[in-house]
Every structure is written in C-alpha cells, then in structure tokens.
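1. A predicted structure for the sequence below; I have some questions about it.
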Amino acid sequence: MNKRTAEILNYLPEHMRRMLCRTFELTGDTIYEIRIRNKLPLIIGTESGNFSVLPDGKISPAVGGAYIPDSADIQKIFRAVCENSVYAFSEDIRQGFVTIKGGHRVGITGRVCVSGNRIETFKEISSLNIRVAQEVLGAANLIVNDILKETGITNTLIVSPPMGGKTTVLRDLARQISDKGIKTAIADERGEIAALFRGVPQNNVGVQTDVIENAPKAEAALMLLRTMSPQLVITDEISGRADAEALRQCFGMGVSVIASTHGEDAEEVLSREFLKPLFDKTGFRQIIVLKKEGRGINSEIFGEVRVVD
Amino acid sequence: MFLYILACFVILLGCGMLGVVLSGKFKERVSQLSQLQNVMTQLEFDIDFLNITLDESFERISRNVESPLKNVLLYISDRLKKNPVADMQRLWSRAITKYQYDLALSKEDIDILIDFSKTLGEGNREKEKNNIKLADMRLKMALDRARSEADKNVKMYRGLGFLAGVFIVIVLL
C-alpha cells in the first residue's frame, strides 16, 4: 500500500479503515476504485476485476458474505470527504464529486434536492465511489520527444478512447515540460490533471505550472492567457465549439497548446466540424493517437503520430 | 498586639480576596459568552464569504479570542485535521470537558454549544447560517441573564467576603 492510497483510509469510519487497510495490503497498487453503496456489498475495482470486500478485509469474487455498508457509514464518509464542512464543497457536490487529499475523487449519487433547474445538494446519498488517483510518473516518456523538440513545443492533440490514458499522459507531459522551465498553464475543468486540494496540486504537474480548476475550460484557458502569460496551455477533453474557440485564441496569441479529446483514430477527429478550424497553420500540427500495452499503472503508453498537413 | 492586628488584617484581606475571586467567575462568564458571540460572527463570515472549512475557520478565529475559548477552538480544529471522520458533537463535548475548569460557562451555556455542534458542518450555507443565528440568539439571551446575575452577585460576593472577614475578626476578639 503506497502513501497516497493510505490517505483514503483517513476518510473512513474506524471499522472500515481496519477492513480496507487489510484489503489494500492484499491488492497493492492495483486497486482503482472503491464502491460503497447503501445496504449493498462493498466492492473494489482492481486491474484483475471487481471483488467484494469481506468483513475481515479479504476479497472475494462472489458477493456472499461481503461487508454491507449502511447509511451511517455513508454519511460519515460523506461528511469526512467534505472536511466536516459540506457548505464549502457545494459547487463540487453539484458536479457530483469531491476531490480529497491525495487527489482521489469521491463520486456521489442519490436523491438530489433541486432549486430552480439547479442541483442544490444531495438529500439522501445512496452510493459513493472513491476513485483512487493513479499518478504515473514517466507515462509520457515515449511521447514527450514528439512534442517537445529543439525548435519548441509542437501544438498537439492527443486522442484515445475512454480509459486510454489521455489524462495520465497530459499530467506527465505538464510535469516534464514545466520542469524544463517552460511556463505551463492547465485549464483543468474536472480537476483530474492537477487535483488541487486546498490550493496544492496533489499530482506532480511541474514547478512552472499554474492551474485553474473546476471552471469551464474555455473560460479558464482565456483567464490563464490574461493572467499568467503562459508559454504552453494544457487542457483535457475538448468537446465543443466554445473550447475550440478558446484554443484558437491561444494559438492566435502564439501560445502553444496540448489538448486531448475522445476518439478512436486521427481520421475520426479530423472529420469533426468544430475541430476543423484548429488544424490550420497556426493550430495543431499533429495528432497523437495513444496506444496502451498492459493494464493499470504498469501499462506502457505510446503514441502514433499523425502530422497534420 | 502588633501580631494580633496583623492577623486581623490578613483575615480581612483574605476573605475580601475570596469574595473577589468568587465574584470573578460571574464576570468571566459574561466575558466568555461575549467572546462566543464574537466567535459566531466570525464563523458566519468564514462560511459566507471566505468559504473555508471549519478546521481552518476555528484555527483562524482562535487567534482572535482569549483562553480558554482559544484552546477549545484549537483543540477542535486540530482533531478535525487529524481525523476527518470525527463526530462534531462529540468533539465539542470533549473539548469542553477538557477545559471545563478554565471555562466559566454554566450548564445552560454549554448546552447551547452542544446543540449548535449537533448539525454544524452538515448543511449548505443557508442552513449553517441559520444554525449560527439560532446559537447567537440563545447566547445573547444567556449573556443578558449572565450580566444581570453578575450585577447582582459580584457586589454580593465581594460584600459577603468582606463581612465574613469582619465576622471572623469579631469572633476572635
């Protein structure tokens, strides 16, 4: 069990802490999520599949005999992840997750309380999903030289299907490029790249990196341009015209951009209408389609480079 | 004779001091209740404007209040930092028990704090503000009572202390 995973235990009631401490020792770094559902078996997701957790902390592929969390457990965990200050996390709760120390993300579901058309808070919480942060230092080792060249940074769009390692690669690219002294700015809409906790990035994103988190990425990217004069802007999951327009403004100001988007291959991405304006001479010069070998944090990520004409 | 006069003087002084000490408890209660009202105002500011968590807020507020309330807030802040799963009401209860000999609060005042801590940190901003307002209102009522008790009792205890001294001296004569 590494130090970051152990940080999750602080947010659990004493009996669950003892139980999952044993589980973590058994699963090591292969665990990637813990699903805590009201009156349903406690389940963990690992690289080898899903397992239920028994009251003694051992794991089993069958759900029989598993520990069954109740609403008191869930309430305690919810309060703990909100640092006993639910009001201070209302924006995060509206988005459905809270980031805790170590960069782990706790997803929340249940009956919501709506005010107008806006989710106000959760009236009853039915389940929590603790997603274990997977920071892989060196994940971008096989890609960084395609982007950071002697002539400078090549504007790059990183493409992969979901769970293909886009965010992991972006995070490591930020670290490697920033540590070389390049002023880097991250527009991190979902707080997955840097995972700020009380203003401190929980993931290593480099010494020259500034982050705006939980803001719409188009707005965040422009704010970063105005306030931090970055040489490089990094952002995840480009998905609409507003995002594309913000990146066009970055290109227009001579700032390099590394972004990512969902996709299977370069052709599919090139055919997307809203992305087309970004492939002109000042825009993205290459697309890197990620390929993964192996599973989990021990997998190797490499990329197929498609130069944009 | 000189020793006799000295002994009488010491008795009078001692009893007078005892009266002052006993009456001090009433004044101290007024002061602590007044500081608690100040804590509530600052807490509301932290929740409404600074949007900081309770452990940070208690740490911040502790710099602006005197002991023993300072120690109570620091204790709660420290425990919250170390153990986010800690039960808020139990934490307040423990902190008050730990510093009970320094606190001049009555059982009724402590009940206000324990009731206040019951739902503290569980709700959205509006609920927290309502909880603070309610506690503040109850503290104000307790403060009014404490002030009138202090007005009455401070003089009484001081007078009683001095009179007790006089009485002992007369008996010794």
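-> Looks like it arrived, so ask away.
2. who are the contact partners of A:Arg131?
-> Counting by Cβ atoms under 8 Å, 6 or more residues apart in numbering or on different chains, A:Arg131 touches A:32-33, A:104-107. Heads up, the C-betas are built off the backbone N, CA and C, glycines and all.
3. redo that, cut-off 10 Å
-> By Cβ atoms under 10 Å, 6 or more residues apart in numbering or on different chains, A:Arg131 lies in contact with A:32-35, A:45, A:97, A:99, A:103-107, A:192.
4. repeat that for B:Gln89.
-> B:113-120.
5. separation between the closest residue to chain B within the stretch 151-300 of chain A and A:Cys82?
-> Here the residue of the stretch 151-300 of chain A nearest chain B is A:Arg198; by Cβ to the nearest Cβ that distance is 8.2 Å. As defined by Cβ to Cβ, to the nearest Å, A:Arg198 lies at a distance of 13 Å from A:Cys82.
6. common neighbours of these two, please.
-> B:Thr53.
7. so for those two, which sits in the more crowded spot?
-> Between A:Arg198 and A:Cys82, counting by other Cβ atoms under 10 Å in any protein chain shown, A:Cys82 is the more crowded of the two (24 against 10).
8. neighbours of the closest residue in space to the more buried one that isn't next to it in sequence, how many?
-> Excluding the flanking residues, the one nearest A:Cys82 by Cβ to Cβ, 6 or more residues apart in numbering or on different chains is A:Phe89, at 4.6 Å. When counting by other Cβ under 10 Å, one arrives at 22 neighbours for A:Phe89.
9. what's A:Phe89 in contact with, if anything?
-> A:78, A:81-83, A:95, A:97-99, A:108, A:121, B:51, B:53, B:124.
10. and the gap between B:Gly123 and B:Ser23?
-> 41 Å.
11. which one's more surrounded, those two?
-> B:Ser23 (20 against 16).
12. against chain A, how distant is the more buried one?
-> Using Cβ to the nearest Cβ, to the nearest Å, B:Ser23 is found at 39 Å from chain A.
13. tell me which of the contacts of A:Arg131 is nearest to chain B?
-> For these, the nearest to chain B is A:Val106 (11.8 Å; Cβ to the nearest Cβ).
14. partner residues bridging the closest one?
-> A:Val98, A:Ile130 (DSSP bridges).
15. what residues does it make contact with?
-> Neighbours of A:Val106 in contact, by Cβ under 10 Å, 6+ apart: A:8, A:11, A:34, A:36, A:77-78, A:80-82, A:92, A:96-100, A:128-131.
16. buried only: go through the residues you listed for me.
-> A:8, A:11, A:34, A:36, A:77-78, A:80-82, A:92, A:97-100, A:128-131 (16 or more other Cβ atoms under 10 Å in any protein chain shown).
17. what residues does stretch A:270-281 touch?
-> Contacts of stretch A:270-281 (Cβ under 10 Å, 6+ apart): A:155, A:157, A:159, A:238-245, A:247-248, A:250-251, A:257, A:259, A:261, A:263, A:269, A:283-287, A:306, A:308-309.
18. center of the chain - which residue?
-> Picked chain A for this. A:Glu192 (2.6 Å; Cα atoms, centre = their mean).
19. try again with chain B
-> Centre-nearest of chain B using Cα atoms, centre = their mean is B:Gln32, 3.6 Å out.
20. burial of A:Thr204, as a residue count?
-> Careful, residue A:204 is Asn and not Thr. 17.
21. pretty sure the residue nearest to the centre of chain A sits against A:Thr167.
-> Yes. Assessed by Cβ atoms under 10 Å, A:Glu192 is found in contact with A:Thr167 at 5.0 Å.
22. against which helices or strands is the helix or strand encompassing A:Ser52 packed?
-> Assessed by DSSP states H and E, A:Ser52 sits inside strand A:49-53. Packed against strand A:49-53, as judged by 3 or more Cβ pairs under 10 Å, 6 or more residues apart in numbering or on different chains; DSSP states H and E, are the following elements: helix A:14-27, strand A:31-37, strand A:43-46, strand A:59-60.
23. pLDDT of the longest helix anywhere in chain B, averaged?
-> Determined from DSSP state H, the single longest helix within chain B is helix B:125-172. Helix B:125-172 shows a mean pLDDT of 87.
24. likewise stretch A:262-276?
-> Here the average pLDDT along stretch A:262-276 is 88.
25. buried stuff in it?
-> A:263, A:266, A:269-270, A:275.
26. greatest separation within those residues: which pair is it?
-> Spanning the widest gap among the buried residues of stretch A:262-276 are A:Ala266 and A:Leu275, at 11.1 Å by Cβ to Cβ.
27. which residues are common contacts for those two?
-> Common neighbours of A:Ala266 and A:Leu275 (Cβ under 10 Å, 6+ apart) are A:157, A:287.
28. low-confidence stretches in the stretch 151-300 of chain A?
-> A:294-299 (pLDDT under 70).
29. near chain A, which residues of chain B?
-> B:46-48, B:50-57, B:76, B:80-88, B:91, B:120-129 (Cβ under 10 Å from any Cβ of the partner chain).
30. who's in contact with residue 130?
-> Unless you meant another one, I'm taking chain A. The contact partners of A:Ile130, taken as Cβ under 10 Å, 6+ apart, are A:8, A:11-12, A:20, A:31-36, A:44, A:77, A:81, A:100, A:104-107.
31. other chain: chain B
-> Contacts of B:Asn130 (Cβ under 10 Å, 6+ apart): B:119, B:123.
32. can you tell me how far it is from B:Phe116?
-> B:Asn130 is 11 Å from B:Phe116, by Cβ to Cβ.
33. circling back: number of nearby residues for the closest residue to the residue nearest to the centre of chain B other than its chain neighbours?
-> Computed as Cβ to Cβ, 6+ apart, the closest residue to B:Gln32 that is not its neighbour in sequence is B:Ala104, at 5.5 Å. Per other Cβ under 10 Å, the neighbour tally for B:Ala104 reads 18.
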